[in-house]
Every structure is written in C-alpha cells, then in structure tokens.
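*Asks:* model the structure of this input:
(one chain, ligands or ions: 2)
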Amino acid sequence: MSTTDTLPIPLTNHDATVGIIGMGDMGRLYARKISEAGWKVTACDRPDKFEALKAEFQGSSITVLENGHLVSRCSDYIIYSVEAENIDAVVKLYGPSTKMGAIVGGQTSCKAPEIAAFEKHLPQDVEIVSCHSLHGPKVDSRGQPLVIISHRASASSTALITRILSCFASKTVYLSALEHDRITADTQAVTHAAFLSMGTAWHANAQFPWEVERYNAGGVENVKINIMMRIYSNKWHVYAGLAILNPAARDQIRAYAESVTELFKLMISHKTEEFRQRILKGREAVFGGRKREVLLRDDILDQYSLSARLPNGQRRPNSHLSLLAMVDCWWKLGIVPYEHMICETPLFRLWLGVVEYIYSDVTLLEECIRTAMEDDTFRMDDLEFTFAARGWSDAVSFGDFEGYRKRFEKVQTYFAPRVAEATRLGNEMIAKIFEKTREEGASNEDAKGDSSL
Ligand SMILES: NC(=O)C1=CN([C@@H]2O[C@H](COP(=O)(O)OP(=O)(O)OC[C@H]3O[C@@H](n4cnc5c(N)ncnc54)[C@H](OP(=O)(O)O)[C@@H]3O)[C@@H](O)[C@H]2O)C=CC1
Ligand SMILES: O=C(O)C(=O)Cc1ccc(O)cc1
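*Replies:* Numbering: from 1, shown residues only. Ligands and ions are numbered 1, 2, ... in the order given. Now for the predicted structure:
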C-alpha cells in the first residue's frame, strides 16, 4: 500500500461529497444510505437514463448528474457500482475526470479486475479504497460483513471511507484484494454453483420441486428450494462476474463439478464402501473435532415451504448429492469453510448450516449414503444435477458471459412465476433463522461463556 498525503480530504464531519457511478440495485442502496447519514451524494447511471433518474430523485437529497465525468469532477469519494464485466471500460471512460486528490473505490464482487482498472486508468494523485458489501441490496446490512480494501491510500483516507461506510452498521473487514478474491471464491462462487445447478436440474426435469412429493420433505429441502429461487431472482451478471472473473472461483467450481461427477459414478456403480469411506473422510477433514457452530433447526425451516398442496414436515430421505459433493470438494481443496466466516454471505451461512446439519448427525448422513446407493427415487435428479454442475463449470471456465447469461435466463424464466412468493418466504426464513441463531448463540454464550456465532 503506498500513501499519497499531499492533498488530504478534510476529516471534519460530513464534509466530503460521495459520488456513485451506476445507480442499479447496489448503487441505489449506497446512495440512499450514505445520503441519509448526512453526506452529500451525487450519482449517475448511463447518460440515456439521466432524465428518468433525475425525475425519480427529484426532491431527495441525492443530486443526479448526467454522467460519470460530472460525478467524478465534484466528488471526494467515488464508488463505481457497475457490472464487473464493464468495470475496465467504465473506469477508462470516467477515471481521468476524477477530482485531484480524491479517493476511488468500487463495489464489484471480484476485485482483481477492478483494481487493475483503477491502476491502469486513474491519475496517480488519486487514492484507491475499495469496498464490497457481502449481501444483496434487499438484505438488512446491519451485522453483515463489509470488506474494505485499502489498496493505495493513506491511513487517514482509509479512516474517512470507514467513517462514510459506517452508516451500514456492517461488520468491517479489512483485506487485500487478493485475500478478498480467494475467500469469496470459497464462500460465494461455489455456493452459487451448487444452487444454479439445482435450478438447472429441476428445470431439465420440468419440475417445480415444491410440487413434487419427494421434495416436500422438510427443512433441508426448503432451504435448497428457497436459496435456488433467491439466486435465480437476482441478475445473471452478478453471479457471472464473480465466478468468471475470479481465477480462484473458476478452479473451485471445476473441483465441485468433479466431486459431483465422481460421487455420482460411485452411486450408479453401487460402490457402497468406497462411497462411504470418501464421505467419511470428507467429514473428518471438514468437521472433525469441531463443535457444531451454525444452528439450523428443522422445525423453523419446515414453516417455509412453497408447497401449498402437500402436508409438510415428514422428512423423506434424499441422497443430497449437491451437499455431499460440497464437503468432498472442500476436503479435496483443503478448504475449512469456517475459516471464511469473516466473508460470509447470508446464503453461504445458510448453506453451511444445512451441510453441517446433515454431517453432524451420523444417522442422517448414513441415510444419505443408503439412499444414494439403494434408492432410485432421486436418480434422475442426480443425473441432471451432474450434467448441470459440469455445464456451469464449463460456462465459467470458458469465460463465456453470453453462454452464462443464456443458461441463467432460461431457468430464471421457468421459475419466474413463483419468484415473488419465494423471495418473500426466503426473506422470512432467513430473518427467522438468523434471529433464532442469534438467540441461541447468546444463550450458549450465557451458559458457557463461549459462543462461536
Ligand atoms: N446485487 C447484489 O446482490 C450485489 C452486487 N454487487 C456488485 O455490485 C455491482 C452492481 O451490482 P447491481 O447494482 O446488483 O447491478 P445493476 O445491474 O443493478 O447495476 C449496475 C448499474 O450500472 C449501470 N452502468 C453500466 N455502465 C455504466 C456507465 N458507463 N455509467 C453509469 N452507469 C453504468 C448499469 O446500467 P445498465 O443496466 O444499462 O448496464 C446498471 O444500472 C456489480 O459489480 C455486482 O457484482 C455486490 C454486492 C451484492
Ligand atoms: O449472498 C449471496 O451470495 C448473494 O447471492 C448476494 C450477493 C451477490 C453478490 C455479492 O457480491 C454479494 C452478495
């Protein structure tokens, strides 16, 4: 980190102007929160959206400008909140207009291309402090991780950005760009790959899983369905960007697809003992000697089913290939997911909670193994899931944004009629689980003076 202290930004309260380039979902969240906290905010989106955006923010304290040149000229901290795929082009366009001595950052989910664009196109007098809120635009930011990357900045500038972003009441985590990308590949990219593959497999089998009896099977299935729907209700470019542009993510998604394929081959060749040994080795590597940390209770999850017709709550065995492959892949890559909780997202926490739920109960795990080996009920789902995991891995390794978009939107369109309902249920489920988790974490702390939550 180099320092440039020649043109200090004033540090007295609220006297810096914050500029937002890209008024999509995250840009709007940032503009609104930062302006509510009392900072002067300027913002723009693409020039063709200027009139509409100006009309929308008429009478608010956010000043909408025509383009990124105008935002850059008058702002002390400029945040690029655009598609990761576009970051180089947008910084190239507006970067040279940055006010002398200002600080620049970005909100993209993968930092290597963002930092490369800043280094390439920003004048030398400009400092670089980037950020990444590890949650979607509709999630309560309080207590969620917010990564701050002080890449080329003085301590006082980093302190100023920390102060500006403190309005989110998030948990600030300081990392380098490289650390950020390695950790988020583990927490976000592989998690998304699993759920994208579930959606693709259900679509390939022409199923709405909540209408199929074998999926009306309690908490774990509810989490799978709700997270899958949540991911497919977001914009494709968010997931494409963080997977395709992050080399660590590409490797991990490939490793996940390999684990899925290898486990599936063992299943269909009925190599029970080899399969069991592999599952148990993964369990030992990832969870061995660890007390259960994330609480997920089936009775809470059971309340959040999309199924209207079928009675809820009777657990049906499932091979849970998606979940067994996750642990297998963590083991093969030497990843201990708990070490990455500093960059957890709500989805990663839920996913780890579900995985942990199965792996902490030997009876449940044995049930998965037995079902995988003996029960054909889920075989066609597992086959399609295997194809899907490899398909997503190919789209990511080929760096194929267009192919990724088509794959994503095909499934998104299929599930679209139920998205609103799934989002509502998913939000309730997440809020309830985290509320319960916090409560139980607090009572554990009272009881033992030791809470990991
Ligand atoms: N959504 C999420 O859950 C999260 C997203 N992120 C990251 O934040 C960034 C923004 O994501 P999000 O807000 O969801 O995406 P959006 O697509 O909602 O917002 C991006 C906005 O930037 C605009 N834009 C593109 N080019 C320019 C330009 N030259 N000048 C001004 N505006 C421009 C886009 O316009 P147009 O649509 O016309 O291209 C769009 O309105 C992404 O990099 C994403 O990875 C980070 C955390 C969470
Ligand atoms: O929680 C998740 O994984 C999400 O899907 C929301 C999300 C998407 C992109 C980010 O950079 C951060 C959070």
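
*Asks:* middle-most residue in the chain, spatially?
*Replies:* Among the residues of the chain, Gln188 comes closest to the average C-alpha position under CA atoms, centre = their mean, at 4.4 Å.

*Asks:* list the contacts of the residue of the stretch 301-450 of the chain found nearest ligand 2.
*Replies:* Nearest to ligand 2, among the residues of the stretch 301-450 of the chain, is Thr345, at 3.1 Å (CB to the nearest ligand atom). Yep, even glycine has a C-beta here, placed from its N, CA and C like the rest. Thr345 is in contact with Leu134, His135, Gln144, Pro145, Thr187, Gln188, Thr191, counting by CB atoms under 8 Å, 6 or more residues apart in numbering.

*Asks:* buried residues of stretch 118-133, list them for me.
*Replies:* When burial is assessed from 16 or more other CB atoms under 10 Å, stretch 118-133 yields the following buried residues: Phe118, His121, Leu122, Val126, Glu127, Ile128, Val129, Ser130, Cys131, His132, Ser133.

*Asks:* the second one touches Val91, doesn't it?
*Replies:* Pointing back at His121 there. Yes - the criterion here is CB atoms under 8 Å, and His121 meets it with Val91 at 4.7 Å.

*Asks:* give me the domain ranges for the chain.
*Replies:* With domains defined by automatic domain parsing, the chain comprises 2-175, 181-447.

*Asks:* can you redo the ones you listed as TSV with mean pLDDT?
*Replies:* TSV is the format used below for the domains of the chain (pLDDT from 0 to 100):
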stretch	mean pLDDT
domain 2-175	94
domain 181-447	86
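
*Asks:* in the protein, what residue lies closest to ligand 1?
*Replies:* Nearest residue of the chain to ligand 1, counting by CB to the nearest ligand atom: Gly24, 1.7 Å away.

*Asks:* thought Ser81 was touching that residue, still the case?
*Replies:* Yes - using CB under 8 Å, Gly24 is in contact with Ser81, at 6.6 Å.

*Asks:* tell me which of these two has more neighbours.
*Replies:* More crowded of Gly24 and Ser81, by other CB atoms under 10 Å: Ser81, with 24 against 17.

*Asks:* hang on, the earlier thing: I'd like the contacts of Thr345 laid out as a markdown table, including distance to Leu266 and secondary structure.
*Replies:* A markdown table is the format used below for the contacts of Thr345 (distance: CB to CB, whole Å; DSSP: H, G, I helix; E, B strand; the rest coil):
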| residue | distance to Leu266 | secondary structure |
| --- | --- | --- |
| Leu134 | 35 | coil |
| His135 | 37 | coil |
| Gln144 | 38 | coil |
| Pro145 | 36 | strand |
| Thr187 | 27 | helix |
| Gln188 | 28 | helix |
| Thr191 | 24 | helix |
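
*Asks:* tell me the one of those nearest Cys44?
*Replies:* His135 (24.0 Å; CB to CB).

*Asks:* how many neighbours does the closest one have?
*Replies:* So His135, with other CB under 10 Å, has 22 neighbours.

*Asks:* again, but for the one 4 residues further on
*Replies:* Under the neighbour criterion other CB under 10 Å, Val139 is assigned a count of 17.

*Asks:* for Leu347, see how far away it is.
*Replies:* Distance of Val139 to Leu347, computed by CB to CB, to the nearest Å: 10 Å.

*Asks:* do Ser130 as well
*Replies:* In this view, Ser130 and Leu347 are 22 Å apart by CB to CB.

*Asks:* then Ile21?
*Replies:* Per CB to CB, Ile21 is found 27 Å from Leu347.

*Asks:* what do you get for Gln252?
*Replies:* With distances taken as CB to CB, Gln252 is found 16 Å from Leu347.

*Asks:* starting at the chain centroid, how far to stretch 146-166?
*Replies:* Its chain's C-alpha centre lies 22 Å from the corresponding centre of stretch 146-166 when counted by CA atoms, centre = their mean, to the nearest Å.

*Asks:* near ligand 2, anything from that stretch?
*Replies:* No - for a cut-off given as CB under 6 Å from any ligand atom, stretch 146-166 has no contacts with ligand 2; the smallest distance is 9.6 Å.

*Asks:* so who does the residue of the stretch 1-150 of the chain found nearest ligand 2 touch?
*Replies:* Nearest residue of the stretch 1-150 of the chain to ligand 2: Ser109, at 3.1 Å (CB to the nearest ligand atom). Applying CB under 8 Å, 6+ apart, we find Ser109 in contact with Ala84, His132, Thr184, Gln188, Val238, Gly241, Leu242.

*Asks:* quick check: closest non-adjacent residue to Ile369.
*Replies:* Excluding the flanking residues, the one nearest Ile369 by CB to CB, 6 or more residues apart in numbering is Arg276, at 5.4 Å.

*Asks:* quick one on the thing from earlier: neighbour count winner among Ile21 and Leu347?
*Replies:* When Ile21 and Leu347 are compared for neighbours, Ile21 comes out ahead with 29 against 24, by other CB under 10 Å.

*Asks:* any idea how far Cys343 lies from Leu175?
*Replies:* Computed as CB to CB, the Cys343 to Leu175 distance reads 8 Å.

*Asks:* mutual contacts of the two, please.
*Replies:* Counting by CB under 8 Å, 6+ apart, the residues touching both Cys343 and Leu175 are Val147, Ile183.

*Asks:* please list all residues in contact with Glu284.
*Replies:* Contacts of Glu284 by CB under 8 Å, 6+ apart: none found.

*Asks:* report the distance from the helix or strand it falls within to the chain centre.
*Replies:* Element membership for Glu284, per DSSP states H and E: helix 272-287. Here helix 272-287 is found 27 Å from its chain centre; the criterion is CA atoms, centre = their mean.

*Asks:* do stretch 233-242 as well
*Replies:* Computed by CA atoms, centre = their mean, the separation of stretch 233-242 from the middle of its chain amounts to 10 Å.

*Asks:* same question, stretch 243-259
*Replies:* Centre-to-centre, stretch 243-259 and its host chain are 15 Å apart (CA atoms, centre = their mean).

*Asks:* is that stretch in proximity to ligand 2?
*Replies:* No - against ligand 2, stretch 243-259 shows no contacts by CB under 6 Å from any ligand atom, the least distance being 10.5 Å.

*Asks:* need the residues of the stretch 251-400 of the chain near ligand 2, please.
*Replies:* The interface of the stretch 251-400 of the chain toward ligand 2, taken as CB under 6 Å from any ligand atom, is made up of Thr345, Pro346, Leu347.
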